[in-house]
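J.: 3D, please:
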Amino acid sequence: MVKVKICGITNLDDALAAIECGADALGFVFAPSPRQVTTEVVRDIVSKLPPFICKVGVFVNSELALVQETVSLCSLGLAQLHGDEDADYCTALFPKAIKVFTADSLPSGQELTGYRVAAYMLDKNKRVALSDVEQNRLWQLARRIGDYGPVILAGGLTPETVGQAIEVAHPYAVDVSSGIEAEPGKKDYDKLRAFIEAAKSPEEARSLHP
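T.: Take a look at the predicted model:
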């Protein structure tokens, strides 16, 4: 069964709602963003979560020492790297690194194997509008790089599209943030529930949303 990561968590209520709906991992954004949180906020949330939930910190071009310190302070299981972090940077965090690529930044297969990471993530280019064609291209790329290790698929997923995305990409996990929000930093619980149900039971979801 595909794993589900709910990203952009900013408060305890959303974290607990995601877990209750079946989320496997929660993401906390430490980079500049409408969903940015502090170490103090994340430490407080994490201290109130049940066991066996993976906690992930999201970083963009942060100093390695700062990432290591934040991971330790907040008891995070993984660091998700969205910037220009190279293979050596990822190795220094191994086995706690997820390296994020877009369709435009994805290296060759040979170069990809040089990244010692827990998983690769394929995300959309935030500076470019995501058309249906580009989204399908992203899904196809995710399927191909699955030969090199676990792949987490992100990039504009919604409750309506995640089932089809899983069918095409065959990812290890899917990641969503804005696609299930009521507003930046606040989750819509109906969308949250629908997304996780669709990801965990994509065939049933497609019958409901042909």
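
J.: List the contacts of the residue lying closest to residue 43 once chain neighbours are set aside.
T.: Residue nearest to residue 43 in three dimensions, not counting chain neighbours: residue 74, with 5.3 Å by C-beta to C-beta, 6 or more residues apart in numbering. C-beta here means a position set from N, CA and C on the backbone, and glycine is covered the same way. When contacts are counted by C-beta atoms under 8 Å, 6 or more residues apart in numbering, residue 74 touches 28, 39, 42-43, 46, 55, 57.

J.: Surely residue 41 and residue 9 touch.
T.: No: taking contacts as C-beta atoms under 8 Å, residue 41 lies outside contact range of residue 9: 9.7 Å.

J.: These two: who's more crowded?
T.: A direct count of neighbours by other C-beta atoms under 10 Å for residue 41 and residue 9 places residue 9 higher, at 28 against 16.

J.: State the distance from that one to residue 65.
T.: Separation of residue 9 from residue 65 (C-beta to C-beta, to the nearest Å) stands at 24 Å.

J.: and if you look at residue 36?
T.: In terms of C-beta to C-beta, residue 36 sits 20 Å off from residue 65.

J.: what about residue 128, how many neighbours?
T.: 11.

J.: One more: residue 107?
T.: 14.

J.: and what of residue 129?
T.: Residue 129, neighbours per other C-beta under 10 Å, totals 8.

J.: from the chain's centre, how far out does stretch 111-131 sit?
T.: Distance of stretch 111-131 from its chain centroid, counting by C-alpha atoms, centre = their mean, to the nearest Å, is 11 Å.

J.: for that stretch, what is the average pLDDT?
T.: Stretch 111-131 carries an average pLDDT of 89.

J.: Which residues in it does the neighbour count mark as buried?
T.: The neighbour-count check on stretch 111-131 (16 or more other C-beta atoms under 10 Å) flags 112, 115-124 as buried.

J.: Secondary structure and distance to residue 61 for those - can I get that in TSV?
T.: Below are those laid out as TSV (DSSP: H, G, I helix; E, B strand; the rest coil; distance: C-beta to C-beta, whole Å):
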residue	secondary structure	distance to residue 61
112	helix	20
115	coil	16
116	coil	19
117	coil	17
118	coil	20
119	strand	20
120	strand	18
121	strand	16
122	strand	19
123	coil	15
124	coil	18
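
J.: closest to residue 179 among those?
T.: Distance to residue 179, by C-beta to C-beta, is smallest for residue 124 among these, at 11.2 Å.

J.: Weed out the non-buried ones from the contacts of residue 74.
T.: The neighbour-count test (16+ other C-beta under 10 Å) marks 28, 42, 46, 55, 57 as buried among the contacts of residue 74.

J.: quick one: the helices in this structure?
T.: 12-21, 39-47, 64-73, 87-93, 109-112, 132-145, 162-169, 189-200, 202-208 (DSSP state H).

J.: Let's have those in JSON lines, adding distance to residue 179.
T.: Conversion of the helices of the chain to JSON lines gives the following (distance: least, C-beta to C-beta, whole Å):
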{"stretch": "helix 12-21", "distance to residue 179": "13"}
{"stretch": "helix 39-47", "distance to residue 179": "21"}
{"stretch": "helix 64-73", "distance to residue 179": "26"}
{"stretch": "helix 87-93", "distance to residue 179": "27"}
{"stretch": "helix 109-112", "distance to residue 179": "26"}
{"stretch": "helix 132-145", "distance to residue 179": "12"}
{"stretch": "helix 162-169", "distance to residue 179": "8"}
{"stretch": "helix 189-200", "distance to residue 179": "7"}
{"stretch": "helix 202-208", "distance to residue 179": "14"}
